[in-house]
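> What shape does this take:
(one chain, ligands or ions: 1)
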Amino acid sequence: MGPERHLYSSVPASLRMKLPSWAHAPHISPEHKLLVCHETSQTDASRGSLGWGFQTACWQYSLRNMLFHLFTLSFTPTSVPTITIAPGVKMPLAGVGTWQYNATVAERVVAEALGLGYRHVDTALNYHNQDGVGRAIAAAIDGSRLTRRDLFLVSKIPGGLNHSAASAALETSLAQLFPKATGAYVDLMLVHFPATWAGAGGKAARQEEWSALEAFVKEGKARAIGVSHYCRRHLDDILEIATIRPAVNQVQYHVGMGAAGPLADDDMAYMRSKGVTFEGFSPLCGPCGGANATELISGALVSRIGRKHGKSGAQVALRWQVQQGIPVIPKSKDLAHLRENIDLFSWALDADDMAALSAATKPAVSGATSPGGEPVSGDCSVA
Ligand SMILES: NC(=O)c1ccc[n+]([C@@H]2O[C@H](COP(=O)([O-])OP(=O)(O)OC[C@H]3O[C@@H](n4cnc5c(N)ncnc54)[C@H](OP(=O)(O)O)[C@@H]3O)[C@@H](O)[C@H]2O)c1
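Just a heads-up that it's a prediction; the model follows:
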């Protein structure tokens with residue numbers, strides 16, 4: 001038996017009866033399908049013995065792959081630049097967010113985003129959608145469209161957990177994202193909040209939880225670790241004991257906050273001085289409510305600047321951040337918006353645009369107000 005016959009024999013008999021559907025069989029690996037197609041097209045003998053049904057299946061399968069790549073190429077804007085967040089770990093400056101999406105929506109959005117050229121995906125144990133995110137990733141990998149190494153996957157576990165609860169949350173998170181894969185890992189795992197959502201925890205709890213994240217890295221299950229909603233005081237607690245430094249602090253940041261000061265932006269300058277990458281969430285002020293929620297989409301300032309560059313208001317707001325080296329993770333359920341939100345790197349804002357956007361005070365900073373009336377993020381009030 002030649003190699004092609006051997007490969008053909010390994011296709012289940014039930015599928016051999018209806019060969020075109022074999023091309024879509026999820027349990028046969030894409031590598032195997034391509035190998036079988038390749039081997040069987042080598043000799044007339046095998047082609048004759050395998051018949052037209054088989055050739056049609058191969059043709060369909062190859063066409064599907066080719067169309068996917070053509071689609072990806074035609075709609076993938078200039079490749080997304082990366083920022084180094086830890087030794088050997090590069091984070092794409094633009095990614096897709098998934099907060100408030102259920103697993104079904106998250107699966108669709110992430111699949112569409114990957115097709116458009118996104119490689120950075122942001123989720124969290126608390127979003128209750130990691131199984132959907134994982135399915136979209138598995139489909140892209142199983143379909144040979146991407147390898148795991150092409151992707152940058154970020155997750156988060158809740159804050160305020162002791163070592164064993166944190167370890168359990170980390171394992172659960174990984175199992176939800178990669179239920180079948182051996183050697184699974186995330187590229188970045190964050191502690192979602194400096195304490196529990198109710199504010200319980202404090203310094204000792206932060207330090208204990210961090211030790212669980214470090215163990216996770218040492219087991220090869222995360223390439224980098226970081227924090228979210230941390231202000232200077234919280235970060236100092238971690239730096240005091242860290243053997244692996246926090247790579248990222250993910251906090252709310254958007255146009256309107258550029259002039260707001262360290263209590264509102266969770267001390268961006270301090271984070272950066274400690275080598276912690278400052279990452280902005282809610283870059284379009286999506287959850288800000290009322291007029292604040294549309295200010296960065298259709299507000300006067302971003303619209304005026306957008307017209308000058310032939311870009312949308314949302315693109316202007318996002319470009320303002322990435323032009324400062326701040327990674328952004330806008331979310332969208334709309335394919336056209338997803339396409340816009342990654343088209344940020346083939347054009348630039350000029351110095352006047354940057355200055356006007358940095359001076360903007362709308363949308364207002366969400367969070368709290370200090371006793372002196374200053375806007376603050378509210379994160380520093382967490383014990
Ligand atoms: N660490 C944390 O605690 C934390 C907190 C909040 C968020 N995050 C992360 O940050 C991600 C993004 O933040 P977010 O979800 O709060 O909201 P966002 O990205 O600031 O805004 C999303 C809103 O903007 C709209 N939108 C997106 N692109 C658009 C475009 N090009 N044109 C017009 N409208 C557009 C979306 O509507 P359409 O669907 O109609 O496009 C949606 O209503 C989250 O999904 C999550 O991954 C993290």
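> residues near G373, how many?
6 (other CB atoms under 10 Å). Using the backbone N, CA and C atoms, a C-beta is placed for each residue, glycine as well.
> and what of T196?
By other CB under 10 Å, 15 other residues sit near T196.
> give me phi/psi at it?
Main-chain torsions, T196, degrees, to the nearest 10: phi -70, psi 170.
> who's in contact with stretch 148-155?
Here stretch 148-155 makes contact (CB atoms under 8 Å, 6 or more residues apart in numbering) with 90-92, 95, 114, 119-125, 130, 133, 137, 141, 173, 177, 181, 186-190, 329.
> Helices - which of those residues land there?
Mapping the contacts of stretch 148-155 onto helices (DSSP state H) picks out 114, 130, 133, 137, 141, 173, 177.
> Quick check: closest non-adjacent residue to the closest residue to the ligand within the stretch 51-200 of the chain.
Closest to the ligand within the stretch 51-200 of the chain is G97: 2.4 Å, counting by CB to the nearest ligand atom. Spatial nearest neighbour of G97, chain neighbours left out: K331 (3.5 Å); criterion: CB to CB, 6 or more residues apart in numbering.
> In this structure C288 contacts K362, no?
No - using CB atoms under 8 Å, C288 makes no contact with K362, being 10.1 Å away.
> picking that back up, pLDDT at the residue nearest to G97, what is it?
pLDDT for K331: 98.
> for P3, same thing?
34.
> ok, R149 to G88 distance?
Relative to G88, R149 is positioned 12 Å away (criterion: CB to CB, to the nearest Å).
> let me redo that: G258
Separation of G258 from G88 (CB to CB): 31 Å.
> So between these two, which is more surrounded?
When G258 and G88 are compared for neighbours, G258 comes out ahead with 22 against 8, by other CB under 10 Å.
> OK, contacts around E240?
Applying CB under 8 Å, 6+ apart, the residues near E240 are Q207.
> Could I get the CA-only coordinates of the host helix or strand of it as CSV?
Using DSSP states H and E, the element containing E240 is helix 232-241. Presented in CSV, the C-alpha positions along helix 232-241 are these (Å, rounded to 0.1, in the frame of the first residue of the first chain):
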residue,chain,number,x,y,z
ARG,A,232,0.6,53.4,42.7
ARG,A,233,0.0,52.1,46.2
HIS,A,234,-1.2,48.7,45.0
LEU,A,235,1.6,48.3,42.6
ASP,A,236,4.2,49.1,45.3
ASP,A,237,2.8,46.2,47.4
ILE,A,238,3.5,43.8,44.5
LEU,A,239,6.9,45.3,43.6
GLU,A,240,8.0,44.8,47.3
ILE,A,241,7.8,40.9,46.9
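> So which bits of it are buried?
In terms of neighbour count (16 or more other CB atoms under 10 Å), helix 232-241 has its buried residues at 232, 234-235, 237-238.
> who's in contact with the closest residue to the ligand within the stretch 201-350 of the chain?
As assessed by CB to the nearest ligand atom, the ligand sits closest to G286 within the stretch 201-350 of the chain, at 2.3 Å. Residues near G286 by CB under 8 Å, 6+ apart: 293, 330-331.
> Now a PyMOL select for only the buried ones of these.
This is the PyMOL syntax for the buried subset of the contacts of G286, where burial follows 16+ other CB under 10 Å:
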select buried, resi 330+331
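> Can you lay out the contacts of G286 as a markdown table showing distance to the ligand?
Formatted as a markdown table, the contacts of G286 follow (distance: CB to the nearest ligand atom, whole Å):
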| residue | distance to the ligand |
| --- | --- |
| A293 | 7 |
| P330 | 4 |
| K331 | 4 |
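> pLDDT weak spots in the stretch 1-150 of the chain?
Scanning the stretch 1-150 of the chain for pLDDT under 70 picks out 1-78.
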